[in-house]
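In: my questions concern the predicted model and sequence given below.
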Amino acid sequence: MSAPLPLLVAATSRELAAGISRLRTPVASALLGIGRERAARRMREVLAAGRPSRILEIGLAGGLAQDLRPGDVVVGEWVAELGADGRAGPRLPLHPTAASRGLAALERAGITARLGGIVESSRQLPGVEKREIGRATGAIAVDMETAAIRRAAEGLPHLSLRVIFDPVDEDLAVPFEAVGPTGSVRWGALFLRLVRSPGTLRALVRDGLRSRRVFGALARATSVLEFVP
């Protein structure tokens, strides 16, 4: 009987493709979809089919700390769910051994990474809210899936790797309603946003130019962590 493989998971097709692009060893992989509910449901399905040796969760995130810029790497130390009232729930610790080994491996590879808390939100956060939530919680990044993955991964080594896309003082150019379940663009919704807010075009160009660098950072960091036990 073969040994279980590590499981690589990501919310969007592009994140997963970036993560796989430089891997040199076999892994299992799963596309979860964006958001708490999709991630939880898909994780249950995947883990019911077989337990992996460990879980490496990868993806992009918004910055909550003033000094984090696009392309900066974050390793999760804990995660808290953001409620509908804007308040964060209790901190759920992430696997400390996986985090410390991951940080050490990244440093050996010459990649600077920050260890810190992550807030999981059910919606896209504008810059003004990111600043407030960062101050209130002490978290350094925000995403939409880490808490759901953490709950599903109970008892398994789980490392959360995030690369910052939008810093704390920026809004994302593409609104949440213009993004499909696995990250595809809904062009009709995006066109309506451009008609209503022509200034969005400048932000779209900014984010488009940024994407290659950020996804490159995600691919490189993932390739380092594939060997972390």
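Out: Alright, I've got the coordinates.
In: list of residues touching the helix or strand of the chain with the lowest mean pLDDT?
Out: Within the chain, no helix or strand scores below helix 187-196, which has a mean of 91 by mean pLDDT, DSSP states H and E. Helix 187-196 is contacted from outside by Val174, Pro175, Glu177, Ala178, Thr200, Leu201, Leu204, using Cβ atoms under 8 Å, 6 or more residues apart in numbering. From N, CA and C alone the C-beta is placed, and that goes for glycine too.
In: repeat that for 6 Å
Out: With Cβ atoms under 6 Å, 6 or more residues apart in numbering as the contact definition, helix 187-196 has outside contacts at Pro175, Glu177, Ala178, Thr200.
In: the residues you listed: which two are farthest apart?
Out: Greatest spacing in the contacts of helix 187-196, by Cβ to Cβ: Glu177 and Thr200 (12.9 Å).
In: residue ranges with poor pLDDT in the protein?
Out: 1 (pLDDT under 70).
In: partner residues bridging the spatially most central residue of the chain?
Out: The structure's the chain has its C-alpha centroid closest to Gly59; by Cα atoms, centre = their mean the separation is 3.3 Å. For Gly59, the beta-bridge partners under DSSP bridges are Arg162.
In: pretty sure it is touching Leu16, no?
Out: No - here Gly59 does not reach Leu16: they are 8.7 Å apart, not a contact under Cβ atoms under 6 Å.
In: still on that earlier bit, quick check: PyMOL command selecting the buried ones in the contacts of helix 187-196.
Out: The command below creates a PyMOL selection of those among these that count as buried (16 or more other Cβ atoms under 10 Å):
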select buried, resi 175+178+200
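In: just the contacts of helix 187-196: which are in helices?
Out: Thr200 (DSSP state H).
In: please flag which of the contacts of helix 187-196 sit within strands.
Out: In strands, defined here by DSSP state E, there are no members of those.
In: identify the contacts common to Gly59 and Leu16.
Out: Counting by Cβ under 6 Å, 6+ apart, the residues touching both Gly59 and Leu16 are Ala10.
In: on that earlier part again, make TSV out of the contacts of helix 187-196 and add distance to Ile140.
Out: Listed next are the contacts of helix 187-196 as TSV, based on distance: Cβ to Cβ, whole Å:
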residue	distance to Ile140
Pro175	24
Glu177	27
Ala178	27
Thr200	27
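In: so who does the residue nearest to the centre of the chain touch?
Out: Ala10, Ala11, Glu15, Arg162.
In: show me where this protein has helices.
Out: Using DSSP H, helices in the chain cover 13-20, 36-49, 96-108, 127-137, 146-152, 187-196, 200-225.
In: list the buried ones in the fifth one?
Out: If you call a residue buried by 16+ other Cβ under 10 Å, then helix 146-152 has these buried ones: Thr146, Ala147, Ala148, Ile149, Arg150, Arg151, Ala152.
In: ignoring the adjacent residues along the chain, who's closest to Ser29?
Out: In this structure, Ser29 finds its nearest non-sequential neighbour in Leu8, 4.5 Å apart by Cβ to Cβ, 6 or more residues apart in numbering.
In: need the contact list for that neighbour.
Out: By Cβ under 6 Å, 6+ apart, the neighbours of Leu8 are Gly19, Val27, Ser29, Leu56.
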